[in-house]
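*Asks:* coordinates for the following, if possible.
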Amino acid sequence: MRARRAGCDKGVVLLITLMILVLIVTLVWEIFRVGARSAQTGAFGRDSIRAGLVAEAGIAAARVALREDEGDNNYDTLDEIWSRPVPPIDLGEGTIHIVVEDEERKININRLVLTNGNAPDDQRLAVFQRLLEILDIDPSLADAVVDWLDNDETPRVGGAESAFYLSRKFPYKSKNDLFDTVEELRLVRGVTQEVFEKIRPFITVYSSGKVNINTAPAQVLMALSAGQGEADVGEITEALANEIVEYRKDAPFQKIEEIKNVSPFLSDLYKTVLRDLLDVRGTAFHVRSTGEFTGTVRVIDSVGIRAGKAIHWRYWRVE
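*Replies:* Residues are numbered from 1 along each chain as shown. Below is the predicted model of the structure:
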């Protein structure tokens, strides 16, 4: 049986988490105190401003947590300050709710083409097609995504280029470049609202392109065994993916090669495919902070790139 983390370590982690929660409350009230002075409009306007300030405080607290975590170890798991679920924080007249997740748990659709944009990355394309199959989505959708990304106007078998998009009621051209946001995928042929909502939790445009095996969901882990070509040694089944998830709860992967410890099959797969697709750290983090004040809700949806102790915001939307 794999050794569990020592109880004293759990106590230290809990203490750090509590300290972070105290910091959150302090940030909220300090920003609220300063910001409330500037509210010059009516009651709704003031409450909206205050709710927005509370949400901003949540973002600031998440940023502190991510910065503090940077020096703790060389791997990121689902049992750290930033990743552990934080219950809503009651501030009397207002509340704050923060959710943070790493983007490395997902498949980066911008990496489906080579860096020169001339052709698809066959291995990563196969992984994406496998993900679509796992989610019961037509895998030919991958062709349309590649056509949106590549720099030519020649459609793939299941894809579409500008000729198709210009014929629509509201015409536009194929981008032939990288996605700026995940939401942009809604412009691609075949991506209905239903398809988008089904695939959204498993894709990103912000990550390093590698998948963190400490945080990836079973569906992503299953997809990683695709694209083996002639060296095909089998696939990661749902049962094996769940075994990986259970294994990492007690023994987080500190190096990518440690996935070989889960089963002999993964040792063979690591040599042929996985070593180029895996990581054990996160670089991009999705932070969603919800601030509520007397019934008025504001949400800040953001993605930050962690570089050392710095967090650089790549995406920021206020709802």
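*Asks:* which residues sit against the helix or strand where residue 219 lies?
*Replies:* Using DSSP states H and E, the element containing residue 219 is helix 218-223. Outside of helix 218-223, the residues within contact range by C-beta atoms under 8 Å, 6 or more residues apart in numbering are 105-107, 127-128, 130-131, 134-135, 202, 211, 213, 235-238, 241-242, 244-245. C-beta coordinates here come from the backbone N, C-alpha and C atoms, glycine included.
*Asks:* any stretches of this protein with poor pLDDT?
*Replies:* Across the chain, the ranges flagged by pLDDT under 70 are 1-45, 229-233.
*Asks:* where does the most centrally placed residue in it fall, phi/psi-wise?
*Replies:* Nearest residue to the geometric centre of the chain (C-alpha atoms, centre = their mean): residue 103, 2.5 Å. Backbone torsions of residue 103, given as degrees, to the nearest 10, read phi -80, psi -20.
*Asks:* next, work out how far apart it and residue 309 are.
*Replies:* Distance of residue 103 to residue 309, computed by C-beta to C-beta, to the nearest Å: 19 Å.
*Asks:* again with residue 62
*Replies:* Counting by C-beta to C-beta - residue 62 and residue 309 are separated by 14 Å.
*Asks:* who has more neighbours out of the two?
*Replies:* Neighbours were counted for residue 62 and for residue 309 using other C-beta atoms under 10 Å; residue 62 has more, 27 against 10.
*Asks:* can you verify the more buried one is assigned to a helix?
*Replies:* Yes. Per DSSP: H, G, I helix; E, B strand; the rest coil, residue 62 lies within a helix segment.
*Asks:* let's have the chain start at 50 instead
*Replies:* Taking 50 as the first residue, the last one we looked at is residue 111.
*Asks:* confirm for me that it is in contact with residue 150.
*Replies:* No. Using C-beta atoms under 8 Å, residue 111 is not in contact with residue 150, being 10.7 Å away.
*Asks:* any shared contact partners between those two?
*Replies:* Common neighbours of residue 111 and residue 150 (C-beta under 8 Å, 6+ apart) are residue 334.
*Asks:* look at residue 168 and say how many residues are nearby.
*Replies:* Other residues near residue 168 come to 13 when the count uses other C-beta under 10 Å.
*Asks:* ok, it touching residue 201?
*Replies:* No. Residue 168 is beyond contact range of residue 201, at 9.3 Å (criterion: C-beta under 8 Å).
*Asks:* which residues of the stretch 200-349 of the chain fall in strands?
*Replies:* 252-253, 260-261, 327-328, 333-342, 345-356 (DSSP state E, counting those that start in this stretch).
*Asks:* which of these sits most buried?
*Replies:* Highest mean neighbour count of the strands of the stretch 200-349 of the chain: strand 260-261, a mean of 26 (counted as mean count of other C-beta atoms under 10 Å).
*Asks:* packing partners for that one?
*Replies:* Helices and strands touching strand 260-261, by 3 or more C-beta pairs under 8 Å, 6 or more residues apart in numbering; DSSP states H and E, are strand 327-328.
*Asks:* name every strand pairing with the strand it packs on and say which way it goes.
*Replies:* strand 260-261 (parallel) (DSSP bridges).
*Asks:* what's the strand it pairs with in contact with?
*Replies:* 125, 151, 153-156, 269-270, 273, 326-331.
*Asks:* just those residues now: which is nearest residue 172?
*Replies:* residue 326 (7.7 Å; C-beta to C-beta).
*Asks:* gap between that closest one and residue 276?
*Replies:* Using C-beta to C-beta, one gets 9 Å for the distance from residue 326 to residue 276.
*Asks:* what is in contact with those two at once?
*Replies:* By C-beta under 8 Å, 6+ apart, the residues touching both residue 326 and residue 276 are 172, 173, 176.
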